[in-house]
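Colleague: Have a look; sequence and predicted model below, questions after that.
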Amino acid sequence: MQQIITYRPAQVSDETAIKALIRAVNINPIGLKWHRFLVAVDENGELIGCGQIKPHWDGSRELASIAVQKAWRRQGIAGAIIEQLFANEQPPIWLTCMDKLIPFYEQFGFVEVMSGDGRSIPLYYRFARTFFKPIQKLSRIPGYLAVMVWPGGH
Ligand SMILES: CC(C)(COP(=O)(O)OP(=O)(O)OC[C@H]1O[C@@H](n2cnc3c(N)ncnc32)[C@H](O)[C@@H]1OP(=O)(O)O)[C@@H](O)C(=O)NCCC(=O)NCCS
């Protein structure tokens, strides 16, 4: 049976569910202001996915907090959230992700940016990488934290 999924800007009443989903998928829990989020909800109004564009102190904007409940994955929900968040944005948009997700974000036009490849990485993401290294070591997370940018186009 076809399920009806609604995509809409978050409301204050979504805040608890957004925080719970971000905690459940174990991604960055900092900067989860509900008013920046786009959410996907099911027919009962339950949160099934979310994402936001987060502005930073260095002037950059980050695609962040992309998460979908396990039971709803591989149905294009994260993709739809990203496309709708992009509808009102101009490039560049930055993000950080574990290296295994690079192919996922490449589908939406993101390219990985390495230090020293000629494109300067905004300070926020350089700090994020430095800050993440000891956490990764302690938690024995495999791979590395990639920095990617959407320079415009798909
Ligand atoms: C990553 C995540 C958001 C993807 O959500 P999703 O709704 O399943 O993604 P979509 O269905 O829109 O994916 C579209 C395509 O991306 C690719 N894709 C999806 N998940 C992927 C993954 N984990 N790794 C590599 N490619 C992936 C597939 O090609 C998929 O198409 P297909 O199902 O036809 O093969 C989801 O797995 C999740 O919430 N993970 C935990 C939180 C997380 O890691 N967030 C990212 C933080 S940087």
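Modeller: Yep, it's here. Numbering: from 1, shown residues only.
Colleague: can you list the residues of this structure near the ligand?
Modeller: Neighbours of the ligand within the chain, by C-beta under 6 Å from any ligand atom: 25, 27, 66-68, 73-79, 97, 101, 103-104, 107. Quick note: C-beta positions are derived from backbone N, CA and C, even for glycine.
Colleague: Kindly recompute the last result at 5 Å.
Modeller: Applying C-beta under 5 Å from any ligand atom, we find that the chain lies next to the ligand at 25, 27, 66-68, 73-74, 76-79, 97, 104.
Colleague: Buried ones among the residues you listed?
Modeller: Those of the residues of the chain next to the ligand that meet the buried threshold are 66, 67, 68, 77, 78, 97, by 16 or more other C-beta atoms under 10 Å.
Colleague: Show me those residues that map onto helices.
Modeller: 77, 78 (DSSP state H).
Colleague: Among the residues of the chain next to the ligand, which has the minimum pLDDT value?
Modeller: Lowest pLDDT within the residues of the chain next to the ligand is found at residue 27 (94).
Colleague: Report the mean confidence score over the single longest helix found in the chain.
Modeller: Of all the elements of type helix in the chain, the one with the most residues (DSSP H) is helix 123-139. When pLDDT is averaged along helix 123-139, the result is 92.
Colleague: ok, and what's touching it?
Modeller: Residues from elsewhere that reach helix 123-139, judged by C-beta atoms under 8 Å, 6 or more residues apart in numbering: 56, 57, 58, 60, 62, 94, 96, 141, 144, 145, 147.
Colleague: Please tell me how far residue 134 sits from residue 145.
Modeller: Residue 134 is 12 Å from residue 145, where distance means C-beta to C-beta, to the nearest Å.
Colleague: ok, now residue 33?
Modeller: For residue 33, the distance to residue 145 equals 23 Å [C-beta to C-beta].
Colleague: quick one: which of these two has more around it?
Modeller: The residue with more neighbours, out of residue 33 and residue 145, is residue 145; 18 against 11, by other C-beta atoms under 10 Å.
Colleague: could you point out which element follows the element among helices and strands of the chain having the smallest mean pLDDT?
Modeller: Using mean pLDDT, DSSP states H and E, the weakest-scoring helix or strand in the chain turns out to be helix 123-139, at a mean of 92. Per DSSP states H and E, helix 123-139 leads on to strand 145-150 as the next helix or strand towards the C-terminus.
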